[in-house]
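Q: Model the following, please.
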Amino acid sequence: MTEVPVARSEWGRFAPDSVERRMLEHTGIALGLVLRPRTVVLDRARVEVEGIDDADRVVVQLVANQGAYKPAWRNKVMADLFKLLWLRQSVPGVERAVLVVAEPAARALAGWVAVAAEDLGVEVLVWDGQTAVPSPR
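A: Residues are numbered from 1 along each chain as shown. Below is the predicted model:
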């Protein structure tokens, strides 16, 4: 018996009540865009993008960590910054790279990490559970 693959919804792996889905919805509202997760196929790699608009101009990565802050979250922030820089350079048409960090993980943006994001042109938003606003750092 052959299995028929189940088509992924427009939300991919983000369940209706997931933090990531709410973050992406609120980020879309803040940016005036419809953002959805998508797999992008490049010449040499396939990559999961947590959010991209229909015109392929804005890419978004989410740091949805919840609970008490852990220093390891800084690694997630830096990895997503690197991924966004690569996507902005590698995906034709991408003009904006946006990192959205849940409020509990915002401490990871201390010091040089926030300065590097700004200098490299990555927009950073902080999500408080209801809205995504520019990081004050």
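Q: So which residues make contact with the longest helix seen in the chain?
A: Across the chain, the longest stretch assigned as helix under DSSP state H is helix 73-90. Where contact means CB atoms under 8 Å, 6 or more residues apart in numbering, the residues beyond helix 73-90 that reach it are 40, 42, 47, 49, 59, 61-63, 65, 94-99, 101, 105, 107-109, 113, 116-117, 120-122. All C-beta atoms are positioned from the backbone trio N, CA, C, and that covers glycine.
Q: how about the residue nearest the centre of the chain, secondary structure?
A: Within the chain, the residue whose C-alpha comes closest to the C-alpha centroid is Gln61; the distance, by CA atoms, centre = their mean, is 1.3 Å. The three-state label for Gln61, taken from DSSP: H, G, I helix; E, B strand; the rest coil, comes out as strand.
Q: That one and Ala68: what is the separation?
A: Here Gln61 is placed at a distance of 22 Å from Ala68 (CB to CB, to the nearest Å).
Q: again with Glu95
A: Computed with CB to CB, the distance linking Glu95 and Ala68 is 36 Å.
Q: neighbour count winner among these two?
A: Here Glu95 and Ala68 are compared on neighbour count by other CB atoms under 10 Å; more neighbours surround Glu95, at 11 against 6.
Q: Next up, the contacts around the residue lying closest to that one once chain neighbours are set aside.
A: Nearest non-adjacent residue to Glu95, counting by CB to CB, 6 or more residues apart in numbering: Arg57, 4.9 Å away. Arg57 makes contact with Gly93, Val94, Glu95, Arg96 under the criterion CB under 8 Å, 6+ apart.
Q: Just send the residues you listed back as a markdown table, with pLDDT, secondary structure and distance to Asn75 too.
A: Shown next, in a markdown table, are the contacts of Arg57 (pLDDT from 0 to 100; DSSP: H, G, I helix; E, B strand; the rest coil; distance: CB to CB, whole Å):
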| residue | pLDDT | secondary structure | distance to Asn75 |
| --- | --- | --- | --- |
| Gly93 | 94 | coil | 29 |
| Val94 | 96 | coil | 24 |
| Glu95 | 96 | coil | 27 |
| Arg96 | 97 | strand | 24 |
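Q: Sounds good, over and out.
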